[in-house]
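J.: Turn this into a model:
(one chain, ligands or ions: 2)
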Amino acid sequence: MPAKKRALITGITGQDGSYLADLLLEKDYQVFGLVRRSSTSNYRRIEHLKDKITLIPGDLLDQMSLIQAVKEANPDEVYNLAAQSFVPTSWTSPLSTGEFTALGVTRMLETVRLIKPKAKFYQASSSEMFGNTPHTPQNEQTPFSPRSPYGVAKVYGHFITLNYRESYNLFAVSGICFNHESPRRGLEFVTRKISDGVVRIKLGLAKDLKLGNLDAKRDWGYAPDYCRAMYLMLQQPKPQDFVIGTGVAHSVKDFVKAAFDTVGLDWKKYVKIDKKFIRPAEVDHLVADASKAKKILKWKPEVSFEQLVKIMVEADLARIFKERK
Ligand code: NAP
Ligand code: G4F
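T.: Ligands and ions are numbered 1, 2, ... in the order given. Predicted coordinates for the structure are as follows:
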């Protein structure tokens with residue numbers, strides 16, 4: 001029997017890391033995940049997988065721990081998903097965001113170059129890199145114009161990945177992913193804040209939902225669809241970057257309305273604007289042109305915006321109902 005393929009995922013405790021681990025296990029990979037120490041357990045998203053994967057302690061700030069992790073996992077594929085990924089935190093902690101989200105990528109690439117240069121490397125780039133570009137929709141050729149320390153850090157991570165591909169001939173690629181959501185999304189991101197908030201209002205646990213800019217538009221898809229694209233990028237014969245998104249933009253207001261509609265409530269009665277959630281600089285409108293991924297990866301999203309909203313609200317309903325019992 002051929003040996004199982006081995007994958008190392010940084011950020012395995014996050015939304016995408018957990019879905020990617022699900023996918024790679026289904027494909028019979030041996031899955032290793034880098035985890036950093038925390039004083040309370042943060043393994044909620046990978047609880048169902050804990051007997052099937054190997055967790056390796058490490059931190060993107062600590063080069064030696066990354067070297068140890070790559071030696072232990074001996075991976076065929078490395079998925080670098082770990083980052084400080086919440087845009088507002090990048091204004092309050094711009095330096096640590098740069099350390100994790102920008103320089104962390106170089107530490108991972110250096111580790112792969114030194115320990116396992118034949119491993120294929122995936123970098124989690126972001127549509128936030130496009131920022132306030134005047135070009136719409138955005139594809140692989142669209143110039144970057146980031147609007148937050150997070151976006152700036154991701155641009156660095158993107159170009160250093162390209163640079164290691166060109167300088168050292170590594171199979172290193174970036175997926176420029178547009179927003180993707182799920183019931184495993186962190187509660188601070190707007191979609192999950194809305195699905196959770198709507199359910200709390202419906203069940204009488206909250207009176208209102210405080211939000212920031214309702215006019216911002218995003219191209220929202222379903223996270224497992226995007227993890228499938230990450231996997232496909234590393235199965236290609238040559239390394240290249242891809243934009244991944246649905247090609248359809250909605251406003252935050254559209255998401256709010258659809259979520260309240262799901263439980264039969266009128267959003268206007270409950271949503272309040274709180275200046276605290278308005279950003280120092282906003283990204284107004286992102287929408288993907290993922291035609292390259294469609295053509296070469298044969299990738300397309302399987303879950304629509306309307307289905308996504310329903311999946312998230314119903315999952316929060318079931319979770320909060322269970323917690324209350
Ligand atoms: P997430 O849920 O916030 O997960 C981030 C992961 O990174 C967590 O596992 C976190 O570990 C880990 N991490 C953070 N700092 C670390 C460090 N210093 N050392 C080791 N691990 C560290 O993010 P996500 O939504 O899954 O996104 C995955 C990646 O895709 C991120 O790089 C994000 O920036 C990028 N991205 C996301 C989207 C999206 O819409 N979701 C779109 C484009 C790009 P802890 O659990 O210990 O905090
Ligand atoms: O859900 P968000 O916080 O996501 P954002 O900033 O687009 O970033 C996410 O997607 C990126 C891909 O483009 C990733 F790279 C990044 O890691 C992250 O996953 O905010 C979406 C929009 C923004 O325009 C924000 O101003 O929602 C608006 N918004 C309005 N009220 C709010 C709120 N965002 C949050 N988090 N909380 C609010 O109360």
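J.: What's the local residue count around the nearest residue to G58 once chain neighbours are set aside?
T.: Using CB to CB, 6 or more residues apart in numbering and skipping the chain neighbours, the partner closest in space to G58 is S65 (3.7 Å). Every C-beta, even on glycine, is put in place using the N, C-alpha and C of the backbone. Residues near S65, counting by other CB atoms under 10 Å, number 18.
J.: and what of A102?
T.: That count, for A102 with other CB under 10 Å as the rule, works out to 22.
J.: for it, what are its contacts?
T.: 152-154, 156-157, 160 (CB atoms under 8 Å, 6 or more residues apart in numbering).
J.: what's the answer for D215, then?
T.: Contacts of D215 by CB under 8 Å, 6+ apart are 251-253, 284.
J.: part of a strand, is it?
T.: No. The assignment for D215 (DSSP: H, G, I helix; E, B strand; the rest coil) gives coil, which keeps it out of a strand.
J.: tell me which helix or strand of this structure sits lowest on mean pLDDT?
T.: helix 305-324 (a mean of 96; mean pLDDT, DSSP states H and E).
J.: Now do that helix: everything it contacts.
T.: 181-183, 185, 191-192, 195-196, 198-200, 202-203, 205, 220-222, 246, 248, 250, 254-255, 258-259, 262-263, 303.
J.: Filter these down to the ones in helices?
T.: 191-192, 195-196, 198-200, 202, 254-255, 258-259, 262 (DSSP state H).
J.: just curious, which of these is nearest to F32?
T.: Nearest to F32 out of the ones in helices among the contacts of helix 305-324 is R192 (CB to CB; 27.4 Å).
J.: per-residue confidence for D219?
T.: D219 carries a pLDDT value of 98.
J.: how about the residues of the stretch 101-250 of the chain that lie near ligand 1?
T.: By the rule CB under 6 Å from any ligand atom, the part of the stretch 101-250 of the chain lying against ligand 1 is 124, 126, 177, 179-180, 186.
J.: Just the buried subset of those residues, written out for PyMOL, thanks.
T.: To isolate the buried members of those in PyMOL, using 16 or more other CB atoms under 10 Å:
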select buried, resi 124+126+177+179+180
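J.: filter the residues of the stretch 101-250 of the chain next to ligand 1 by proximity to ligand 2?
T.: Near ligand 2, by the rule CB under 6 Å from any ligand atom, you find 126, 179 out of these.
J.: which one of the residues of the stretch 101-250 of the chain next to ligand 1 sits closest to ligand 2?
T.: The closest of those to ligand 2 turns out to be S126 (CB to the nearest ligand atom; 3.1 Å).
J.: now D16, what's its secondary structure?
T.: From three-state DSSP, the assignment for D16 is helix.
J.: ok, it to G175 distance?
T.: 10 Å (CB to CB, to the nearest Å).
J.: before we move on, the earlier item: tell me which two in the ones in helices among the contacts of helix 305-324 are the farthest apart.
T.: The most distant members of the ones in helices among the contacts of helix 305-324, if one measures by CB to CB, are R200 and D254, lying 20.6 Å apart.
J.: Does ligand 1 have contacts with the least confident helix or strand of the chain?
T.: No. Helix 305-324 does not reach ligand 1 (CB under 6 Å from any ligand atom); its nearest approach is 11.9 Å.
J.: buried stuff in that helix?
T.: 305, 308-313, 315-317, 320.
J.: do that helix and ligand 2 meet?
T.: No. Interface with ligand 2: helix 305-324 contributes nothing (CB under 6 Å from any ligand atom), its closest point being 12.1 Å away.
J.: I am finished for the moment; much appreciated.
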